[in-house]
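**Student:** Need coordinates for the following:
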Amino acid sequence: MDSSGWQLGLPGGRGTCAVAPPVRGELLEMFPLLNRNGHEADYDLAVRAFEAETLHVTEVSESGSVPTLRVVNDGPRPVLLLDGEELVGAKQNRVLNVTILVAARHQTDVPVSCVESGRWRYRARKFKDTDWLMNSEGRARKMRHVSDSLQRCRSRAGSQADVWSHIEEKLARLDAKSDTSAQRAMFAKHSTLLEREVEALRPVENQVGAVFMGQGWVMGLELFDAAPTLGALLPKIVRSYALDAYDYGSHGPGR
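**Tutor:** Numbers count the residues shown, from 1 in each chain. Below is the predicted model:
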């Protein structure tokens, strides 16, 4: 992949970014996207807000609703929740269907998909975040269904059946066992391999995004408005892509 001379626009019209030479791990090549404007994010990430105990995610009611969770931001700044971030706890684990900026001192209900089909009972009253995003192939499949829903009926619902089917297939291919068919089992099973990839693919100066390649495939592009945002989220993102790169190397790409 020849990245010389590439320029990409930043979110929010904040200039362009250049494509740097690749950083290589065992499974992935990461082409950093650089911007030198020094922009600082004017929001908090979910992990920081959870640590500060200003972000609270719960079921929408005692009985719960599979495709919806309630988010309360008690903090003084907006909180960015990223498409594919997994939240564990309450009645079953979920992933966010879209990227959402939750305003300061605000409550909202957010669209989600279940990634643990074999559980519908409380393990905790609230959710907490995890160290990964939904695997990159699963995120792409989920987003195709969400986009279709938006066009057809202005809904941000995905295809729950397809999410469950994808996770079952992935768990089987990766030899990850889970009594509740939980997505998190595949990340736990291969955590040592994934952590090596995180260690190899560290952010470079002024990096605001990345193009990822694995097994000869361009797997995806991630782009943010500020280097600190990319730096904080990169380990989660790398685990997402690395899991698929390992799977592709063993079994070929999924559908």
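**Student:** quick one, what contacts the nearest residue to residue 229 once chain neighbours are set aside?
**Tutor:** Excluding the flanking residues, the one nearest residue 229 by C-beta to C-beta, 6 or more residues apart in numbering is residue 41, at 5.1 Å. C-beta here means a position set from N, CA and C on the backbone, and glycine is covered the same way. Taking C-beta atoms under 8 Å, 6 or more residues apart in numbering, we find residue 41 in contact with 80, 225, 226, 228, 229.
**Student:** can we see that at 7 Å?
**Tutor:** Contacts for residue 41 (C-beta atoms under 7 Å, 6 or more residues apart in numbering) come out as 225, 226, 228, 229.
**Student:** Okay, and which of those residues map to helices?
**Tutor:** When the contacts of residue 41 are checked against helices (DSSP state H), the matches are 228, 229.
**Student:** Need the contacts of residue 41 in JSON lines (columns: neighbour count and pLDDT).
**Tutor:** Below are the contacts of residue 41 laid out as JSON lines (neighbours: other C-beta atoms under 10 Å; pLDDT from 0 to 100):
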{"residue": "225", "neighbour count": "22", "pLDDT": "92"}
{"residue": "226", "neighbour count": "21", "pLDDT": "94"}
{"residue": "228", "neighbour count": "15", "pLDDT": "95"}
{"residue": "229", "neighbour count": "19", "pLDDT": "97"}
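**Student:** For the contacts of residue 41, work out which two are farthest apart.
**Tutor:** Within those, 225 and 228 form the most distant pair, 10.0 Å apart (C-beta to C-beta).
**Student:** By mean pLDDT, which helix or strand of this structure comes out lowest?
**Tutor:** Between all helices and strands in the chain, the lowest mean by mean pLDDT, DSSP states H and E belongs to strand 7-9, at a mean of 57.
**Student:** Tell me the one among the contacts of residue 41 nearest to residue 36.
**Tutor:** Closest approach to residue 36 among the contacts of residue 41 (C-beta to C-beta): residue 226, at 12.0 Å.
**Student:** For that closest one, give its distance to residue 41.
**Tutor:** Using C-beta to C-beta, to the nearest Å, residue 226 is found at 4 Å from residue 41.
**Student:** Let's verify the residue nearest to residue 229: helix, strand, or coil?
**Tutor:** Assigned by DSSP: H, G, I helix; E, B strand; the rest coil, the conformation of residue 41 is coil.
**Student:** per-residue pLDDT, it?
**Tutor:** Residue 41 is assigned 92 on the pLDDT scale.
**Student:** Same question for residue 69.
**Tutor:** Per-residue pLDDT puts residue 69 at 98.
**Student:** residues in contact with it?
**Tutor:** 57, 59, 60, 94, 109, 110, 112 are the contacts of residue 69 under C-beta under 7 Å, 6+ apart.
**Student:** Tabulate the residues you listed (a markdown table), appending secondary structure.
**Tutor:** As requested, these are exported to a markdown table (three-state DSSP):
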| residue | secondary structure |
| --- | --- |
| 57 | strand |
| 59 | strand |
| 60 | coil |
| 94 | strand |
| 109 | strand |
| 110 | strand |
| 112 | strand |
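**Student:** May I see the PyMOL selection of the buried members of those residues?
**Tutor:** Buried residues among those (16 or more other C-beta atoms under 10 Å), as a PyMOL selection:
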select buried, resi 57+59+94+110+112
